[in-house]
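[1] A structural model of the following input is requested.
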Amino acid sequence: MEALPHTICRSCRTRLSRSTTTSTSRSFSSTTTKHAIPPESPNYIDVPQSFQPTYIPPQRQKGFIPTPRDIFPRNRPSKGSPEFITRLTTPRQQDVSLSDASTLPPTVLYKQKMADLRKSHLATSLTSLAQRKASALRKMDTRAQYKQSQSQRLRTQRPRSDERLTNPSVPSSLLAPIHHPTTAEALALHAQKAANVAEHARKRLSARTDALHTLYINSRHFITNENQLRDLVTKEFERKDFQGIPGFPTKSYWDGLGPPDGIKEMVDGQYVNVRSEGSGMGDLMKKITEGKTSGGLSEKERKYRRDQERMKRVAEKLSGGAMG
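    Numbers count the residues shown, from 1 in each chain. Now for the predicted structure:
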């Protein structure tokens with residue numbers, strides 16, 4: 001039989017499969033193939049389905065097995081002891097007084113018999129459960145001890161030869177155990193840290209005091225009124241830096257005030273810019289004509305200024321603050 005295509009509906013596929021089957025007997029049914037599926041059947045309306053069926057996992061039924069109870073709780077360790085079982089199964093005083101069973105009715109005798117049976121079952125069950133719990137605890141302890149011994153053996157066993165020969169070299173300083181400080185060492189370390197914190201606070205206070213003193217020294221140059229501001233603006237904007245000398249017009253700001261400080265001059269501290277002493281190209285040409293260094297001072301003047309700087313630093317060190 002040839003495979004039927006999967007793109008047709010189920011009813012057509014069923015009809016084709018029935019028509020292609022060989023039958024030795026002729027069907028005498030007058031019902032057509034289309035009405036072979038009754039309307040009340042779920043297959044009467046064709047619903048497309050995937051070739052791979054959806055897996056529906058079975059649901060877990062709850063409530064069939066009761067929750068396990070702790071028969072021997074920790075707050076009652078003597079529950080499975082023989083004394084506890086004997087106390088439960090001992091007949092009561094009123095039952096012992098009824099020694100003549102012939103005078104008792106059958107109902108009382110039946111209840112007495114069932115009570116004795118329940119007591120015997122209770123004693124047997126408690127004994128068996130106690131033995132089962134003791135056996136389970138012994139097995140658990142044995143398994144735990146075995147695992148601990150195996151773990152200890154694996155931790156302390158020697159490494160294999162191939163691992164020992166192929167492992168990278170580790171310095172002995174890293175293999176040494178970590179040193180934990182003692183109480184005395186910890187107290188000494190704490191005292192050292194406290195001293196460091198106090199020294200840092202003292203340095204911060206000294207720097208703040210020095211900054212306040214420097215601010216106080218420099219406060220005499222502060223602009224406090226409009227007249228001082230007007231004089232400073234007039235002085236700064238009336239400079240004729242680009243005027244130059246007759247016959248030598250300046251085209252750059254450096255021509256009027258001289259070149260900026262170089263690295264050598266800044267390191268040595270011996271360079272004094274012409275801006276503080278002159279106001280034009282004429283002063284610069286005058287210094288060069290007198291034999292001084294280009295834009296600098298003579299040897300005598302440099303020595304004098306160096307001595308002045310040293311005296312200023314000594315005075316600031318002795319007075320504890322910046323000098324104006």
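
[2] any low-confidence regions in the stretch 51-200 of the chain?
    Scanning the stretch 51-200 of the chain with the threshold set as pLDDT under 70 gives 92-101.

[3] all helices of it, in order?
    Taking DSSP state H, counting those that start in this stretch, the helices of the stretch 51-200 of the chain run over residues 82-89, 93-97, 106-156, 161-166, 172-175, 183-218.

[4] got the contact list for residue 85?
    By C-beta atoms under 8 Å, 6 or more residues apart in numbering, the residues touching residue 85 are 122-123, 126-127. C-beta here means a position set from N, CA and C on the backbone, and glycine is covered the same way.

[5] Please repeat the previous calculation with a cut-off of 7 Å.
    123, 126-127 (C-beta atoms under 7 Å, 6 or more residues apart in numbering).

[6] and what of residue 301?
    By C-beta under 7 Å, 6+ apart, residue 301 lies in contact with nothing.

[7] Just to be sure, it is in a strand?
    No. Under DSSP: H, G, I helix; E, B strand; the rest coil, residue 301 sits outside any strand and is assigned helix.

[8] Now do it against residue 156, distance only.
    83 Å (C-beta to C-beta, to the nearest Å).

[9] if we can go back for a sec, among the contacts of residue 85, name the buried ones.
    123, 126 (16 or more other C-beta atoms under 10 Å).

[10] export the contacts of residue 85 to CSV and tack on distance to residue 146?
    Below are the contacts of residue 85 laid out as CSV (distance: C-beta to C-beta, whole Å):
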residue, distance to residue 146
123, 35
126, 30
127, 29
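
[11] ok so, going back, CSV for the helices of the stretch 51-200 of the chain, including distance to residue 57?
    Compiled in CSV, these are given as follows (distance: least, C-beta to C-beta, whole Å):
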stretch, distance to residue 57
helix 82-89, 47
helix 93-97, 57
helix 106-156, 33
helix 161-166, 46
helix 172-175, 54
helix 183-218, 60
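
[12] wait, which of those helices is closest to residue 55?
    Comparing the helices of the stretch 51-200 of the chain against residue 55 with C-beta to C-beta, the closest turns out to be helix 106-156 (37.6 Å).

[13] one step back: who wins for proximity to residue 76 among the helices of the stretch 51-200 of the chain?
    Ranked by C-beta to C-beta, the member of those that lies closest to residue 76 is helix 82-89, at 8.7 Å.

[14] how about low-confidence regions in the stretch 201-324 of the chain?
    239-253, 255-257, 267-297, 320-321, 324.

[15] can you pull out the helices in it?
    226-237, 253-257, 263-268, 281-289, 299-319.

[16] Tell me which of those helices sits nearest to residue 44.
    Residue 44 lies closest, by C-beta to C-beta, to one member of these: helix 263-268, at 101.8 Å.

[17] what does stretch 117-125 contact?
    85, 88-89.
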